[in-house]
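Asks: Got a sequence here, can you model it:
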Amino acid sequence: MNKKVKYIDWGLTDYKEAWDKQEAIFNETVALKTKNRTENTALETPNYLIFNEHPHVYTLGKSGKPENLLLNEQGLKDKEATYYKINRGGDITYHGPGQIVGYPILDLDNFFTDIHLYLRTLEEAIILTLADYGIESGRYEGFTGVWLDADNDKARKICAMGVRCSRWVTMHGFAFNVNTNLDYFKNIVPCGIDDKDVTSMQRELGYVLNMEEVKQKLKGHIANLFQMSII
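Replies: Sure thing, here's the model as predicted:
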């Protein structure tokens, strides 16, 4: 099993460009696994952990409802935002500057073949990163992602998740609100949940976070939890 993971920071990247790049890496890995199976080879499959930010964009997952986008075409233009229907799980969410969007493209045969454990492990990395800054967070039963005050009526989401997995190769991932402009969430029903709030580290702490510092802490927790070697 190859536990080496190549870390890449794409910086601020157009969503469609990032999606296309993800798909290319994903398809190459799946093709390599298919070759190993059909030709009885044992070629090593690569793993990637990609962080980036996106210009304002709304994305709708396979199980999402289009009506959860509360803007028409002109409204999107006014907000300087784009909109895509994509091939991950989950409903609608927002990506924008100040948000760490993580794309682990992993061959889970190199780690563990359990998609639920995969999601819980990503959530745990976010929870530990928040704890580094004194923010207590956790899970909300029945929902994916990371929440604050999930046990009471002040529940608010700080990290959304939506993944695709085929032949145990993953793509898409998580959207972690660090210094995110939360006003953009007012234009959707986030993740299809209409009675819960959305928050960010900046809102909770009252100051602008150093994005690079948060990325490094998060990358470290992901590496430790998955027992991977970042290269």
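Asks: Can you name the residues bridging to F176?
Replies: Partner residues in beta bridges with F176, using DSSP bridges, are I100, C159.
Asks: do you know how far K217 is from L209?
Replies: Shown here: K217 relative to L209, a distance of 10 Å by CB to CB, to the nearest Å. Just so you know, the C-beta spots here come from the backbone N, C-alpha and C atoms, and that holds for glycine as well.
Asks: and what of D20?
Replies: For D20, the distance to L209 (CB to CB) stands at 29 Å.
Asks: Same drill for the two, tell me which one is more crowded.
Replies: More crowded of D20 and L209, by other CB atoms under 10 Å: L209, with 15 against 10.
Asks: That one and T180 touch, don't they?
Replies: No. If you go by CB atoms under 8 Å, L209 and T180 don't touch, sitting 10.4 Å apart.
Asks: tell me, what's touching the two both at once?
Replies: Residues touching both L209 and T180 (CB atoms under 8 Å, 6 or more residues apart in numbering): Q202.
Asks: Quick check, pLDDT for the residue nearest the centre of the chain.
Replies: Centroid-nearest residue in the chain, with CA atoms, centre = their mean: F174, separated by 1.2 Å. At F174, the model reports a pLDDT of 96.
Asks: and the helix or strand that contains it, how far out from the chain's middle?
Replies: Using DSSP states H and E, the secondary-structure element containing F174 is strand 169-177. Its chain's average C-alpha position is 2 Å from that of strand 169-177, according to CA atoms, centre = their mean, to the nearest Å.
Asks: Could you do stretch 166-177 as well?
Replies: On the basis of CA atoms, centre = their mean, the separation between the geometric centre of stretch 166-177 and that of its chain is 6 Å.
Asks: just stretch 183-203 next, same as before
Replies: Averaging C-alpha coordinates over stretch 183-203 and over its chain gives two centres that are 15 Å apart (CA atoms, centre = their mean).
Asks: contacting residues for A125?
Replies: By CB under 8 Å, 6+ apart, A125 lies in contact with L218, H221, I222, L225.
Asks: Can you name the next helix or strand after the longest helix along the chain?
Replies: Scanning the chain for the helix with the most residues, using DSSP state H, yields helix 15-39. Following helix 15-39 in sequence order, the next helix or strand is strand 48-53 (DSSP H and E).
Asks: Partner strands of that following strand and their direction?
Replies: Sheet neighbours of strand 48-53, with direction, are listed as strand 4-12 (parallel), strand 99-105 (antiparallel) (DSSP bridges).
Asks: is it possible to export those strands to JSON lines including distance to G162 and mean pLDDT?
Replies: Listed next are the strands paired with strand 48-53 as JSON lines, based on distance: least, CB to CB, whole Å; pLDDT from 0 to 100:
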{"stretch": "strand 4-12", "distance to G162": "18", "mean pLDDT": "97"}
{"stretch": "strand 99-105", "distance to G162": "11", "mean pLDDT": "98"}
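Asks: Out of those, indicate the one that is most buried.
Replies: When neighbours are counted by mean count of other CB atoms under 10 Å, the highest per-stretch mean among the strands paired with strand 48-53 falls to strand 99-105, a mean of 24.
Asks: Noted, bye for now.
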